[in-house]
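In: the sequence and its predicted three-dimensional model are supplied below.
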Amino acid sequence: MKSNIHSFLFSSVLVLLSAFCVKAYAQQPQEKPDLFEQAEMEADRLQRVLDLEDWQVFYVDSTLKHDYQQMIAEYEDLQKSKVMNTSMYQAVQDKWMEHIEVTYRRIFDDSQWAAYLKSGAGKAIKAREKRKAKAAGKKQQ
């Protein structure tokens, strides 16, 4: 009988301990790559997708690191000002993404640019232009 009780207690402790470990692991923040790592990963992805030369990857990486930092700084300014309007955050993102793509256009040759647009950037540009036109329409009213 004592054996069954010890076995039951041991099993209960194991179950509670494993539940605690799972909960503790779930509460740990999953490490996201920092801004520079994200820029490097995107430059590497574009190198694979667009067959970029080393000098092009350098310029893409440098552009992303600079422009991402500037975009984040503008986000933080909005947050410090307690701006709650999501369209203002979207406008900041659109501004910097447009800046990045203008730079990409100078870095990429025509075939790389076409491939970049086909990889999803073309849709993003159209959506950004649509938001820009809508915002301009609201300002005129």
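Out: Yep, that arrived.
In: show me the contact partners of stretch 42-55.
Out: Defining contact as Cβ atoms under 8 Å, 6 or more residues apart in numbering, one finds that stretch 42-55 is touched by 56-57, 60-61, 64, 108, 112, 115-116, 119. To be clear about C-beta, it is placed using only N, CA and C from the backbone, and glycine gets the same treatment.
In: ok, those residues vs residue 136, which is closest?
Out: residue 116 (26.0 Å; Cβ to Cβ).
In: show only the entries of the contacts of stretch 42-55 found in helices.
Out: Mapping those onto helices (DSSP state H) picks out 56-57, 60-61, 64, 112, 115-116.
In: contact partners for the most centrally placed residue in the chain?
Out: Residue closest to the average C-alpha location in the chain (Cα atoms, centre = their mean): residue 38, at 7.3 Å. Taking Cβ under 8 Å, 6+ apart, we find residue 38 in contact with 64, 68.
In: and it, which helix or strand is it part of?
Out: Element membership for residue 38 (DSSP states H and E) is helix 35-50.
In: and for residue 33?
Out: Counting by DSSP H and E, residue 33 is found in no helix or strand.
In: re the thing from before, quick check, pLDDT for the residue nearest to the centre of the chain.
Out: Confidence at residue 38, expressed as pLDDT, is 92.
In: how much space between it and residue 52?
Out: Remark: distance between residue 38 and residue 52 (Cβ to Cβ, to the nearest Å) = 17 Å.
In: repeat for residue 113
Out: Counting by Cβ to Cβ, the gap from residue 113 to residue 52 is 12 Å.
In: just want the angle from the host helix or strand of residue 76 to helix 35-50.
Out: Element membership for residue 76, per DSSP H and E: helix 54-80. On the basis of axes from the mean of the first three to the mean of the last three Cα atoms, to 10 degrees, helix 54-80 is oriented at 140 degrees to helix 35-50.
In: contacts only, for residue 101.
Out: So residue 101 contacts 121, 125 (Cβ under 8 Å, 6+ apart).
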